[in-house]
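1. Let's see this in three dimensions:
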Amino acid sequence: MNNAASPSENSPSIARPGELISVIRPAMATEFEVLMPADVDREAPEIALEALEWIRTLEGIFSVYRSDSDISKLNREAAERPVRVDPHLFKIVQQAVAISEATGGAFDITAGPLVDAWGFTNRSGRKPSDEELAAALQAVGYQNLELDADQQTIRFKQPGMRINLGAIGKGYALDQAVAMLVTSGVENFLIHGGQSSIVARGSRRPGEPGWPIALSHPIRPQRKLGRVWLQNESLSTSGSGKQFFHYRGQRLGHMIDPRTGWPGGDLLSLTLIAKVAAESDALATGLFVDGIQKATQFVETNQGLGIVGVAEVARSSEVEVVAVAIADERWEPFQESPRDQN
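-> Numbering: from 1, shown residues only. Predicted coordinates for the structure are as follows:
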């Protein structure tokens, strides 16, 4: 299950003036798109298409919905023995474990059993029994992943474990595509996967400070809350604006804290800016679960990060928007929440 916000929920929106070239390919249950100024070299669209095709190749390695994928084989066999995996799968799991350690376990690619227990896998949220929750927690914990870099193998130390790359896979794929474009000499472009994971390089137009990204209201996506300029960095949004249910007067969303087994966070959405998309994807998930106070502390003590948090205002249809570690000239809040400012 992908913990990142889906395009229909609280994704940003991307300005598309008429002078842009668009290259689109479906992958990972969404659409990936490369946007480039119209004056790029004539080879650039073909390079973009090749980069998007590579994302489809990675999907064949990372998808838990394909029985013949590397990750499906790993999930079937790794509790019994170390499993040699594709180098890209090993690398992304290494990155995921590093981010789990950095966030104190708030991000965890083994959290799938908890999402199942709460009914969010099939979008029918429910409170699990204490027994169900305890059983799910037994199968969760990045500390129980044993990685052997020399042999490129992964083993699960606990039975019932499995990994799902939904909250980091798109970001990793975008980073791979960006590397292909940059290596081929493409300097100015924006690439996104379903708009919830975005990487911008260079500028949309000469003289502009990057690419403008409008951030949407988590519950009313037609409303825009503000605009951020993105340049040579990535942006990812996580949230539970649509997937939630109420239990004893408490709003419980689909973003589960892997450490407690309960839905976490005190925001409707969290948008995170980082240097690479795998990091922004995973940190957006982990820091959303941690809540705005810990998220603020994290970005203030780690250079190159910024966040925009959106919180409910009690007994009101309005929201509070908080930007942290983003320069004033890069972040413009919309006072009137216009529908289509870009």
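
2. And the residue most central in space within the chain, how far from residue 199?
-> Centroid check for the chain by CA atoms, centre = their mean gives residue 281 as the closest residue, at 2.9 Å. When distance is defined by CB to CB, to the nearest Å, residue 281 is 11 Å away from residue 199. Heads up, the C-betas are built off the backbone N, CA and C, glycines and all.

3. and for the two, which residues touch both?
-> residue 234 (CB atoms under 8 Å, 6 or more residues apart in numbering).

4. On the three-state scheme, residue 67 is what?
-> Assigned with DSSP: H, G, I helix; E, B strand; the rest coil, residue 67 falls in the coil class.

5. Start the count at 45 instead of 1 going forward.
-> Sure, I'll start numbering at 45, so the last one becomes residue 111.

6. from the chain's centre, how far out does the helix or strand that contains the residue nearest to the centre of the chain sit?
-> Secondary-structure element containing residue 325, defined by DSSP states H and E: helix 321-334. Offset of helix 321-334 from its chain centre (CA atoms, centre = their mean, to the nearest Å): 6 Å.

7. elements contacting that helix?
-> With contacts taken as 3 or more CB pairs under 8 Å, 6 or more residues apart in numbering; DSSP states H and E, helix 321-334 sits against helix 131-146, helix 213-227, strand 241-245, strand 277-283, strand 313-318, helix 336-345.

8. Just send these back as CSV, with mean pLDDT and distance to residue 265 too.
-> CSV is the format used below for the helices and strands packed on helix 321-334 (pLDDT from 0 to 100; distance: least, CB to CB, whole Å):
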stretch, mean pLDDT, distance to residue 265
helix 131-146, 98, 27
helix 213-227, 98, 19
strand 241-245, 98, 15
strand 277-283, 96, 11
strand 313-318, 97, 10
helix 336-345, 98, 21
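
9. Break the protein into its domains for me.
-> Domain ranges of the chain: 64-104+217-377, 108-200, per the TED database.

10. most packed of those?
-> Between those, domain 64-104+217-377 has the highest mean count of neighbours, a mean of 20, where neighbours are mean count of other CB atoms under 10 Å.

11. re earlier: and the helix holding residue 325, C-alpha only, in PDB?
-> Taking C-alpha atoms only, helix 321-334 is exported to PDB below (Å, rounded to 0.1, in the frame of the first residue of the first chain):
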ATOM      1  CA  ALA A 321      12.900  11.800  -4.200                       C
ATOM      2  CA  ALA A 322      13.500   8.500  -2.300                       C
ATOM      3  CA  GLU A 323      14.300  10.600   0.700                       C
ATOM      4  CA  SER A 324      11.400  13.000   0.300                       C
ATOM      5  CA  ASP A 325       9.000  10.200  -0.200                       C
ATOM      6  CA  ALA A 326      10.100   8.200   2.900                       C
ATOM      7  CA  LEU A 327      10.600  11.200   5.200                       C
ATOM      8  CA  ALA A 328       7.200  12.600   4.200                       C
ATOM      9  CA  THR A 329       5.600   9.300   5.500                       C
ATOM     10  CA  GLY A 330       7.800   9.000   8.600                       C
ATOM     11  CA  LEU A 331       7.500  12.600   9.700                       C
ATOM     12  CA  PHE A 332       3.800  12.700   9.100                       C
ATOM     13  CA  VAL A 333       3.500   9.800  11.500                       C
ATOM     14  CA  ASP A 334       5.700  11.600  14.000                       C
END
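
12. relative orientation of it and strand 277-283 in degrees?
-> 30 degrees (axes from the mean of the first three to the mean of the last three CA atoms, to 10 degrees).

13. for the stretch 45-194 of the chain, what are the low-confidence residue spans?
-> Regions of the stretch 45-194 of the chain meeting the criterion pLDDT under 70 cover residues 45-62.

14. in it, which spans are helices?
-> In the stretch 45-194 of the chain, the segments counted as helices under DSSP state H, counting those that start in this stretch are 88-106, 114-121, 131-146, 156-161, 174-182.

15. With residue 348 as the reference, name the closest of those helices.
-> Closest of the helices of the stretch 45-194 of the chain to residue 348 is helix 131-146, at 13.1 Å (criterion: CB to CB).

16. these two touch, right, residue 267 and residue 258?
-> No: between residue 267 and residue 258 there is no contact under CB atoms under 8 Å: 10.0 Å.

17. okay, and the common contacts of the two?
-> Joint contacts of residue 267 and residue 258 (CB under 8 Å, 6+ apart) do not exist.
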